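S.K.: heads up, no residue letters with this:
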């Protein structure tokens, strides 16, 4: 449980900087909450893993990424049908995931989180296949025509 206390100016600045870093990375590469906010709240503010995760989820409850979404939408990079299907899955998954997480110890959840980040990083660094972009594919098709 989070202890309610008055925040000093240093804590307020740290939280704002965490938000800026998460927002920048969210707009830049589509990540933020889980990869930036949760570890930062644990290590810089001393929150428990559960409290950090709950706080991060509280952030995504509100439309904080609306301007980034609008930029991507204007450029044609958002498939609304996929968004709605993901949202349906996310609602169900977040409900059950939070129930499971809260039934586990802080240390177990923290270790699971760390292992997940390592696995994603290793996959992205060493095992992602290069895909042709749609523009590159179109150019190739035009040359062959």
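M.R.: The structure has been received and is ready for your questions. Just so it is clear, the model here is predicted, and its values are computed rather than measured.
S.K.: Please make it C-alpha for all contacts and neighbour counts, starting now.
M.R.: Will do.
S.K.: Pull the distance from the helix ranked longest in the chain to the chain's centre.
M.R.: In the chain, with assignment by DSSP state H, the single longest helix is helix 80-103. In terms of CA atoms, centre = their mean, to the nearest Å, the centre of helix 80-103 is found 13 Å from the chain centre.
S.K.: residues making contact with it?
M.R.: 50, 109 (CA atoms under 8 Å, 6 or more residues apart in numbering).
S.K.: cool, and stretch 107-119?
M.R.: Residues external to stretch 107-119 that are found in contact with it (CA under 8 Å, 6+ apart): 35, 49, 101.
S.K.: what is the rounded mean pLDDT of that stretch?
M.R.: Here the mean pLDDT over stretch 107-119 is 90, rounded to a whole number.
S.K.: and what of stretch 76-83?
M.R.: Confidence for stretch 76-83, expressed as mean pLDDT, is 88.
S.K.: Now the terminal residues of it, how far apart.
M.R.: Between the opening and closing residues of stretch 76-83 we find a distance of 13 Å, counting by CA to CA, to the nearest Å.
S.K.: Could you do stretch 43-57 as well?
M.R.: In stretch 43-57, first residue to last residue: 18 Å (CA to CA).
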